[in-house]
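S.K.: following is a predicted model, sequence given first.
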Amino acid sequence: MAIKQILSDLSQPISTGGMSVELDLECGVVVFESSCADASDVLRKATSAMYQAELRQLPFLVYNASFDETHRRVYAMLRAIPTALAHGEFRLVYQPKLDVALGRFTAVEALIRWRSPKWGVVSPAEFIPAIENTATIHLLTEWVLHTALAQTAAWQAQGLYTSVAVNVSARNLEHPHFVKIVRNACRTHGVDPRHLDIECTENAVLTGERSLGVLAELRDLGVQASLDDFGVGYSNLACLQSLPVGLLKIDQSLVKPIADNYRAWTLLQSLISLGHTLGYRVLAEGVETADIYALLADAGCDAMQGYFLSKPVEAGEVLAFMRDQRTALVALPRRELGSTFAALAACKAA
Ligand code: C2E
Ligand code: MG
Ligand code: MG
């Protein structure tokens, strides 16, 4: 059979530069009619079959629609996003961030929500990873920036001066005009760039060639920057020496286990102290219980975010929330740690 022959031929050792190179091959096969096939679709199907072959440790597999149901859903979503944006299917919700020393919420993070007539509520955890390697992410991020800044301006007009954080992807930072886009958005809505915070992940900052320079330019404009999901990315600690960000947001997977896992708790304390030593403020994500809140406050964590403090809230509810909670929060339990520390000590001893 032709495929077997091709694979066998390509598997023969190749001599180059005095070295012998042997290829380990997997192959995806698609049957298509050249008259009606879309070239990019054929390639996508072949890639999907190739990954399945790799997964099943087979030399080759012929494409079958069941291989890429998830892929096809995501691909369809990707194509639908520009129209969905134009049709107003997206909105932003805002999760408050607590400044521990002040005992009040001083900032919010804008988080996108999509209610699609076709797919229902789609989580950003599903569609953002799908689009962040495509040009559509520019359209989406620009929409998020403008919507969040317009909302911030509306809050300011009502006397609420809060910072707003916008999540951006690696590809946004690589855009040749990203700094200009951010500056123009701030100008358009009359929001001082100091009230804007750009959140990007470790991977986004460290993989892009331009990312560090762009973040430095944004900082010169006055925009704040935060390193999102800190601790679960590339973890290149050397880069921490001089990142142009002010805040490290420790990923929730490192925060959630601390109340009953002594090693997790020790790791988190070390991360907070490392961040402080290097001059960063530190925020813990995913604070879900009073115990975790109290442990983190005791460890000197500067800021927190999580369901215990507040779930993301609708734009129209932020003003009332911030006004009500500002004073109420000072009364949060700060040092009811006796039993938590006893439990942690017991874990350590076990
Ligand atoms: P992220 O930026 O790390 O946002 C935190 C996520 O954790 C949010 O999920 C938030 O709702 C959730 N969360 C907050 N506190 C808690 C908690 O105490 N427990 C638990 N279990 N979850 C908590 P969401 O909104 O589903 O967003 C998921 C991710 O999607 C975000 O992670 C971010 O990476 C991305 N994302 C969301 N909105 C945008 C956007 O506008 N642009 C881009 N590029 N990415 C976005
Ligand atoms: Mg974020
Ligand atoms: Mg995060």
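M.R.: All right, it came through fine. Residues are numbered from 1 along each chain as shown. Ligands and ions are numbered 1, 2, ... in the order given.

S.K.: contact residues of the stretch 151-300 of the chain facing ligand 3?
M.R.: D228, D229, E285 (CB under 5 Å from the ion). Bear in mind the C-beta positions are built from the backbone N, C-alpha and C, glycine included.

S.K.: quick check, pLDDT for the last one.
M.R.: In this case it means E285. The score at E285 is 98. That number is its pLDDT.

S.K.: go through the longest helix along the chain and flag the buried ones.
M.R.: Looking across the chain with DSSP state H, the single longest helix is helix 136-157. Under the neighbour-count criterion of 16 or more other CB atoms under 10 Å, helix 136-157 has 136-138, 140-149, 151-152, 155-156 buried.

S.K.: same question for stretch 98-109.
M.R.: Those would be L98, D99, V100, G103, R104, F105, A107, V108, E109, for stretch 98-109 by 16+ other CB under 10 Å.

S.K.: so who does the third one touch?
M.R.: When the contact criterion is CB atoms under 8 Å, 6 or more residues apart in numbering, the partners of V100 are L296, A297, C301, D302, A303, M304.

S.K.: how close does it sit to ligand 3?
M.R.: 18 Å (CB to the ion, to the nearest Å).

S.K.: against ligand 2, how distant is that residue?
M.R.: The value you get for V100 to ligand 2, if CB to the ion is used, is 18 Å.

S.K.: for the last one, same thing?
M.R.: Summarising the geometry, the distance separating E109 from ligand 2, computed by CB to the ion, is 6 Å.

S.K.: which pLDDT value belongs to the closest residue to Y51 other than its chain neighbours?
M.R.: Distances taken as CB to CB, 6 or more residues apart in numbering place G28 nearest to Y51, at 7.4 Å, with adjacent residues excluded. Here, the pLDDT recorded for G28 equals 89.

S.K.: that's a strand at G28, yeah?
M.R.: Yes - judged by DSSP: H, G, I helix; E, B strand; the rest coil, G28 forms part of a strand.

S.K.: contacts only, for it.
M.R.: K45, A46, T47, S48, A49, M50, Y51, Q52, A53, F60, L61, Y63.

S.K.: state whether the fifth one is indeed within a strand.
M.R.: I take that to be A49. No - per three-state DSSP, A49 lies outside any strand segment and is helix.

S.K.: residues in a beta bridge with the nearest residue to it once chain neighbours are set aside, which ones?
M.R.: Excluding its sequence neighbours, the residue lying closest to A49 (CB to CB, 6+ apart) is G28, at 3.1 Å. For G28, the beta-bridge partners are L61 (DSSP bridges).

S.K.: what are the structural domain limits within the chain?
M.R.: 2-64, 90-349 (automatic domain parsing).

S.K.: between the two ends of the first one, how far is it?
M.R.: End-to-end distance of domain 2-64: 19 Å, with CA to CA, to the nearest Å as the criterion.

S.K.: so how far is it from its chain's centroid?
M.R.: Distance, stretch centre to chain centre, for domain 2-64: 33 Å (CA atoms, centre = their mean, to the nearest Å).

S.K.: tell me the centre residue of the protein?
M.R.: T201 (5.8 Å; CA atoms, centre = their mean).

S.K.: which residues does it form beta bridges with?
M.R.: Here T201 sits in beta bridges with D228, going by DSSP bridges.

S.K.: next SSE after the longest strand anywhere in the chain?
M.R.: When the chain is parsed with DSSP state E, its longest strand is strand 104-116. For strand 104-116, the following helix or strand on the C-terminal side (DSSP states H and E) is strand 120-122.
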